[in-house]
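Student: Quick one: sequence and predicted model below, then my questions.
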Amino acid sequence: MSVLPKIESIGFIGIGIMGNSMAGHLLSAGYKINVYNRTKSKTEAIVANGATWYDTPGEVAAHSDLIITMVGFPSDVEEVYFGVQGIIDSAKNAILIDMTTSSPSLARKISQQALKKGLFSLDAPVSGGDIGARDAKLTIMVGGDKVVFDHCLPVLQKLGTSIILQGPAGMGQHTKMCNQIVIAGTIIGVAEGLSYAQKVGLNPKDVLQSIGGGAASGFQLNVLGAKMIVGDYAPGFYVEHFLKDLTIALEEADQVKLDLPGLALVKSLFEKMVAKGLQRDGTQGIFQIYLD
């Protein structure tokens with residue numbers, strides 16, 4: 001087994017809504033940061049602050065002790081890890097951490113291929129959206145070897161406040177599916193409660209003030225519910241990415257013969273949003289379905 005590398009340089013692939021803040025925290029912490037993003041212009045600010053741009057995921061991997069990926073879909077994860085000039089073929093005695101919400105089976109595949117190449121890996125999807133990323137208060141759900149987890153913990157602590165090893169490879173992704181299943185039911189409840197308030201003639205802001213401190217309180221109600229009321233559908237987390245997560249969760253549930261009718265219903269409602277061309281809205285945009 002290879003010796004775990006001293007972590008001095010960190011590659012960050014995926015400088016999007018969340019990745020930009022996350023990579024910025026690591027840069028501020030004193031790590032040398034190497035970046036790649038499909039749209040190069042999105043990396044201009046962090047490169048101006050001292051990060052180094054590379055033209056391919058493989059080049060980032062070749063120059064980094066630890067490589068973090070935060071991309072969109074499982075197909076993107078497949079491409080950056082296993083494609084031409086990808087991470088697996090290019091990394092040398094490095095640690096790979098995929099923080100994308102992806103499938104547990106893909107996390108296991110990355111782990112298996114990494115081991116064959118003498119590399120280390122963790123799957124570490126996150127929850128907290130753009131606000132959690134900005135404030136370095138993400139919840140990080142990790143799958144992988146405990147020795148590798150402990151070695152990487154100081155890095156992860158620059159990004160989040162709740163960081164728990166859930167089990168071997170793939171279990172971080174399974175935990176994220178639990179998170180998305182709970183959110184799915186909750187955000188629909190918020191949208192329906194607030195649409196009911198409007199229809200019966202209540203002032204939704206007053207309703208939110210009343211119920212936001214009771215048993216219904218939480219991020220989905222108090223933060224995203226407040227955005228629903230004022231028609232702020234700007235993305236902290238894209239509908240198209242949430243729908244991807246719900247699809248993975250239903251597929252995984254089917255594999256273990258678990259029926260999740262509530263999740264299937266929520267998926268169908270978000271599919272209505274996509275049919276209306278609203279896939280790049282934030283998840284709170286589901287409120288629009290009830291305004292028709």
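Tutor: Nice, I can see it.
Student: any idea of the pLDDT on the nearest residue to Gln220 once chain neighbours are set aside?
Tutor: Nearest residue to Gln220, sequence neighbours excluded (Cβ to Cβ, 6 or more residues apart in numbering): Thr186, at 4.5 Å. All C-beta atoms are positioned from the backbone trio N, CA, C, and that covers glycine. Thr186 carries a pLDDT value of 97.
Student: Okay, buried residues for the host helix or strand of Thr186 please.
Tutor: Per DSSP states H and E: Thr186 is located in helix 171-199. Neighbour counts over helix 171-199 (16 or more other Cβ atoms under 10 Å) mark 171-177, 179-181, 183-184, 186-188, 190-191, 193-195, 197-198 as buried.
Student: and if you look at stretch 106-126?
Tutor: Neighbour-count burial for stretch 106-126 [16+ other Cβ under 10 Å]: 106-111, 113-114, 117, 119-126.
Student: Just the helices from the stretch 151-292 of the chain, written as ranges.
Tutor: Ranges of helices within the stretch 151-292 of the chain are 171-199, 204-211, 219, 226-230, 239-255, 261-275, based on DSSP state H, counting those that start in this stretch.
Student: Kindly reformat those helices as TSV and extend each row with distance to Thr283.
Tutor: Formatted as TSV, these follow (distance: least, Cβ to Cβ, whole Å):
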stretch	distance to Thr283
helix 171-199	6
helix 204-211	17
helix 219	11
helix 226-230	10
helix 239-255	5
helix 261-275	8
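Student: Among those helices, which comes closest to Ala29?
Tutor: Nearest to Ala29, of all those, is helix 171-199, at 22.1 Å by Cβ to Cβ.
Student: what angle sits between that closest one and helix 204-211?
Tutor: 120 degrees (axes from the mean of the first three to the mean of the last three Cα atoms, to 10 degrees).
Student: Helix 261-275 and helix 171-199, what's the angle between them?
Tutor: Using the same axes, to 10 degrees: helix 171-199 against helix 261-275 is 70 degrees.
Student: How far away from the center of its chain is helix 171-199?
Tutor: Relative to the centre of its chain, helix 171-199 is centred 16 Å away, using Cα atoms, centre = their mean, to the nearest Å.
Student: and it with helix 239-255, angle?
Tutor: Using the same axes, to 10 degrees: helix 171-199 against helix 239-255 is 120 degrees.
Student: The residue nearest to Ala51 when sequence neighbours are not counted: helix or strand, and which one exactly?
Tutor: Nearest non-adjacent residue to Ala51, counting by Cβ to Cβ, 6+ apart: Ile33, 4.2 Å away. Using DSSP H and E, Ile33 falls within strand 32-36.
Student: That strand pairs with which strands, and in what direction?
Tutor: When sheet partners are counted by DSSP bridges, strand 32-36 sits next to strand 9-13 (parallel), strand 52-53 (parallel).
Student: Nearest to Leu221 among those strands would be which one?
Tutor: Among the strands paired with strand 32-36, strand 9-13 comes nearest to Leu221, with 32.5 Å by Cβ to Cβ.
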